[in-house]
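Engineer: could you look at this predicted model? Sequence included:
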Amino acid sequence: MLAGAGYMLQMRTAKAVRLASNAICQPVALSPGVNLLGLPAPPPGLTCFGVLSALGAQSVTSMQRFNTTSGRFETCGYADLGSGGVQAVGHDFPIVAEEGYLVHARASALLSLPGCGN
């Protein structure tokens, strides 16, 4: 398994699976289009808006997670305010180690996690 990569599993029965990991601070490469992202040790307090801010509106349009309680996807993204301005909108969900995220990228980008010093 690669640090920073997201993995999707289809299980026949419900089961909790926990994998041990160390914090990573190397940048995570994103490609144009949809990227499946997993962060094994995100900095405390990191949210969807924080990831958007780290990447910038020129690189990413939105980010999603699947809420297992509601059975729905939650999304945060950039809204065009006109005159070249953008604003983060949507659900500012927390980024946690136990979840995977869909990141919709406009262009290739490197995600350097806040608090990593890179």
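Structural biologist: In hand now; what should we look at?

Engineer: okay, now the unreliable bits of the chain?
Structural biologist: Across the chain, residues meeting the criterion (pLDDT under 70) sit at 1-9, 17-25, 113-118.

Engineer: centroid-nearest residue for it?
Structural biologist: Nearest to the mean C-alpha position of the chain, by Cα atoms, centre = their mean, lies Tyr101 at 4.6 Å.

Engineer: now name the helix or strand holding that one.
Structural biologist: strand 100-105 (DSSP states H and E).

Engineer: quick one, strands of the chain?
Structural biologist: 28-30, 33-38, 60-67, 72-82, 85-90, 100-105, 109-111 (DSSP state E).

Engineer: may I see the buried residues of the second one?
Structural biologist: Using 16 or more other Cβ atoms under 10 Å as the test for burial, strand 33-38 gives 35, 37-38. All C-beta atoms are positioned from the backbone trio N, CA, C, and that covers glycine.

Engineer: ok and that strand relative to strand 60-67, angle-wise?
Structural biologist: Calculated by axes from the mean of the first three to the mean of the last three Cα atoms, to 10 degrees, strand 33-38 forms an angle of 50 degrees with strand 60-67.

Engineer: just the CA trace of strand 33-38, in CSV.
Structural biologist: The C-alpha trace of strand 33-38 is given here as CSV (Å, rounded to 0.1, in the frame of the first residue of the first chain):
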residue,chain,number,x,y,z
GLY,A,33,-9.6,14.4,-13.0
VAL,A,34,-10.8,12.4,-10.1
ASN,A,35,-8.2,11.3,-7.5
LEU,A,36,-8.9,8.8,-4.7
LEU,A,37,-6.9,10.1,-1.7
GLY,A,38,-6.2,8.6,1.7
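
Engineer: ok so, going back, in this structure the residue nearest to the centre of the chain contacts Met63, no?
Structural biologist: Yes - at 5.7 Å, Tyr101 counts as touching Met63 under the criterion of Cβ atoms under 8 Å.
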